[in-house]
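Asker: task: produce atomic coordinates for the following.
(one chain, ligands or ions: 1)
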Amino acid sequence: MSVSSSRWDIFCAVIDNFGDIGICWRLSRQLASEHGVNVRLWVDDLASFQRICPQINVDEMQQTVAGVNIMLWSARTSWAEYSVADVVIEALACSIPMPYQQQMAKHDVKPLWLNLEYLSAEDWVEGCHGLPSPQPHLPLDKYFFFPGFTAATGGLLQETALQQHAQSFSADTVAQQQFWQQLDIKDPSYYAQKISLFAYDHPQLSTLVNCWRQSGQTILCLVPEGALATQLSGLYPQLSISRELVIDALTIKILPFMPQDDYDKLLWACDINFVRGEDSIIRAHWAGKPFIWQIYRQQQQAHLEKLNAFMLRYCAQMPVDTCEAVQQFWLQWNTDGLLDKSWQKFSANLVQIAEYNRLWRVALTANGDLASNLVHFVEKKFIMRRNFS
Ligand SMILES: Cc1cn([C@H]2C[C@H](O)[C@@H](COP(=O)(O)OP(=O)(O)O[C@H]3O[C@@H](C)[C@H](O)[C@@H](O)[C@H]3O)O2)c(=O)[nH]c1=O
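Answerer: Model (predicted):
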């Protein structure tokens, strides 16, 4: 069997926020459009999906968007009605329904079952990527597939033409103008610095806002709807969605949540990007601007270990001063620290950070993109099966 004639089922359970569906949607679209794969995306929350992809009709149990068959995965899904796919992806720690697993086990040619894991820069990931995950109760092959930052992992999601699109956008003043108009920003050139601020909340947010107010340069801060926008509205009750608030040198605007592709444009159009979770941080990498990551919080501060692992990898080749500035601000942003002093240091290093990020992007791109690496992995398994059957 060839990959392009194969049928893939991707299962996505939306736990919280938009990262799960954001990742599954990107992957599904890319597999369909760039690899000719027949993808069925099973998702249990169409309302969250619609926020990042407005074409989704929340009342349809089955629909096709961008060449992907989107299926509502609910407790009432009658699995016996659907044939199992050739490749089954269990994304981001979800568990595929037991009746579907049983159907897989009954098949003559067993589907290839992949557990697409969460992103981590920790060292152990390389050792686990691609390993089989034994299923004592079912006669099925299941494998771990880990995204990651090195060539020994599955790499990161990136569409083949993404960087080309970003470059064209940066060179096209009309397209930029249209984008700012769409956001209802009248005179973008008035601002010396444009910052996109997508984050969870932060108890010391006002220390950063005050820094920007007093920075001596005009700053536009664009905040997508969500936790941080809500916190800002608490600090400044005059602030409401789509209305600008000007305080000293700083203009804040809360943006309505936008389609996923428009969010990329926001990252390309801003000078500094605050991102969060697992998906927007990767998009910030591709945008190549200075970025600040707020990692998804876990119990017992487990996320801080992951954050340190990432900072070690990302900053490994940075000049010492720049590295210190980045790590200090990132740590304050991910703990409850005051933000003013570390911001001043970070912002004094913006040129060096931007330069470094472009090199870091080249290094990551050389690892291959996740969808292509996944396809190669599946191809190899298909060939092995043919040879041993
Ligand atoms: C701000 C914005 C984001 N997006 C998209 C970009 C991303 O695909 C998605 C946001 O996802 P993330 O950046 O990952 O952040 P998140 O906080 O929404 O998602 C998180 O969810 C948890 C359950 C996961 O465990 C986390 O690891 C993380 O992925 O939303 C839009 O489409 N429009 C927007 O306006």
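Asker: how about Cys11, secondary structure?
Answerer: No Cys there; residue 11 is Phe. Classification of Phe11 using DSSP: H, G, I helix; E, B strand; the rest coil returns strand.
Asker: what pLDDT does the model give whatever residue of the chain ends up closest to the ligand?
Answerer: Nearest to the ligand in the chain, going by C-beta to the nearest ligand atom, is Gly19, at a distance of 1.7 Å. C-beta here means a position set from N, CA and C on the backbone, and glycine is covered the same way. pLDDT, Gly19: 96.
Asker: contacts only, for the closest residue to it other than its chain neighbours.
Answerer: Among residues not flanking Gly19 along the chain, Gly277 sits closest, at 4.2 Å (C-beta to C-beta, 6 or more residues apart in numbering). Going by C-beta atoms under 8 Å, 6 or more residues apart in numbering, Gly277 touches 17-19, 295-296.
Asker: check which residues of the helix or strand containing Gln167 are buried.
Answerer: Gln167 belongs to helix 162-171 when assigned by DSSP states H and E. By neighbour count on 16 or more other C-beta atoms under 10 Å, the buried set for helix 162-171 is 162-163, 166.
Asker: does any bit of that helix sit next to the ligand?
Answerer: No - figure legend: helix 162-171 not in contact with the ligand (C-beta under 6 Å from any ligand atom); closest approach 13.5 Å.
Asker: quick check: the residue nearest to Cys94 when sequence neighbours are not counted vs Val209, distance?
Answerer: The shortest distance from Cys94 to any non-neighbouring residue, by C-beta to C-beta, 6+ apart, is to Ala13 (3.7 Å). Ala13 sits 36 Å away from Val209, going by C-beta to C-beta, to the nearest Å.
Asker: and if you look at Ala85?
Answerer: On the measure of C-beta to C-beta, Ala85 and Val209 end up 49 Å apart.
Asker: Tyr118 now?
Answerer: For Tyr118, the distance to Val209 - C-beta to C-beta - is 31 Å.
Asker: same for the helix holding Gln167, what does it pack against?
Answerer: helix 173-182, helix 260-269, helix 280-287 (3 or more C-beta pairs under 8 Å, 6 or more residues apart in numbering; DSSP states H and E).
Asker: and it, how far from the chain's centre?
Answerer: 19 Å (C-alpha atoms, centre = their mean, to the nearest Å).
Asker: what residues does that helix touch?
Answerer: 175-176, 179, 264-265, 268-269, 286-288, 361, 365.
Asker: separate out the buried members of these.
Answerer: The buried subset of those - by 16+ other C-beta under 10 Å - is 176, 179, 264-265, 268-269, 286-288, 361, 365.
Asker: show me which of the residues you listed neighbour the ligand.
Answerer: Counting by C-beta under 6 Å from any ligand atom, no member of the buried ones among the contacts of helix 162-171 reaches the ligand.
Asker: reformat these as a markdown table; add pLDDT.
Answerer: Formatted as a markdown table, the buried ones among the contacts of helix 162-171 follow (pLDDT from 0 to 100):
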| residue | pLDDT |
| --- | --- |
| Gln176 | 98 |
| Phe179 | 98 |
| Asp264 | 98 |
| Lys265 | 98 |
| Trp268 | 98 |
| Ala269 | 98 |
| Trp286 | 98 |
| Ala287 | 98 |
| Gly288 | 96 |
| Arg361 | 98 |
| Thr365 | 98 |
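Asker: just give me the closest of the residues you listed to Ala66.
Answerer: Compare each of these with Ala66 using C-beta to C-beta and the shortest gap goes to Asp264, at 14.9 Å.
Asker: what sits closest to that closest one if chain neighbours are left out?
Answerer: Arg283 (5.8 Å).
Asker: ok, now how distant is Gln30 from Glu324?
Answerer: Taking C-beta to C-beta, one finds Gln30 at 37 Å from Glu324.
Asker: neighbour-wise, which of the two wins?
Answerer: Taking neighbours as other C-beta atoms under 10 Å, Gln30 and Glu324 compare with Gln30 leading, 25 against 16.
Asker: the more buried one touches Ala161, doesn't it?
Answerer: No - Gln30 is beyond contact range of Ala161, at 10.5 Å (criterion: C-beta atoms under 8 Å).
Asker: now, which of the contacts of Gly277 lie within helices?
Answerer: Gly19 (DSSP state H).
Asker: now flag whichever of the contacts of Gly277 is closest to Phe382.
Answerer: Gly19 (29.8 Å).
Asker: tell me which parts of this protein are close to the ligand?
Answerer: Checking the chain against the ligand by C-beta under 6 Å from any ligand atom, the hits are 15-20, 22, 52, 198, 224, 257-258, 260, 263, 276-280, 296.
Asker: out of those, which end up buried?
Answerer: Counted by 16+ other C-beta under 10 Å, the residues of the chain next to the ligand give 17-20, 22, 52, 198, 224, 257-258, 260, 263, 276-280, 296 as buried.
Asker: could you verify that Glu159 is part of a helix?
Answerer: No - looking at Glu159 with three-state DSSP, it is coil, so not inside a helix.
Asker: show me where this protein has its strands.
Answerer: Assigned by DSSP state E, the chain shows strands spanning 7-12, 38-43, 62-65, 68-72, 87-91, 112-116, 141-145, 193-197, 219-224, 244-247, 250-255, 272-276, 291-294.
Asker: find the residue at the geometric middle of this structure.
Answerer: Asp279 (0.8 Å; C-alpha atoms, centre = their mean).
Asker: just to check, that residue is in contact with Arg26?
Answerer: Yes - with contact defined as C-beta under 8 Å, Asp279 counts as touching Arg26 (7.3 Å).
Asker: find residues that contact each of these two.
Answerer: With C-beta under 8 Å, 6+ apart as the test, Asp279 and Arg26 both reach Leu157.
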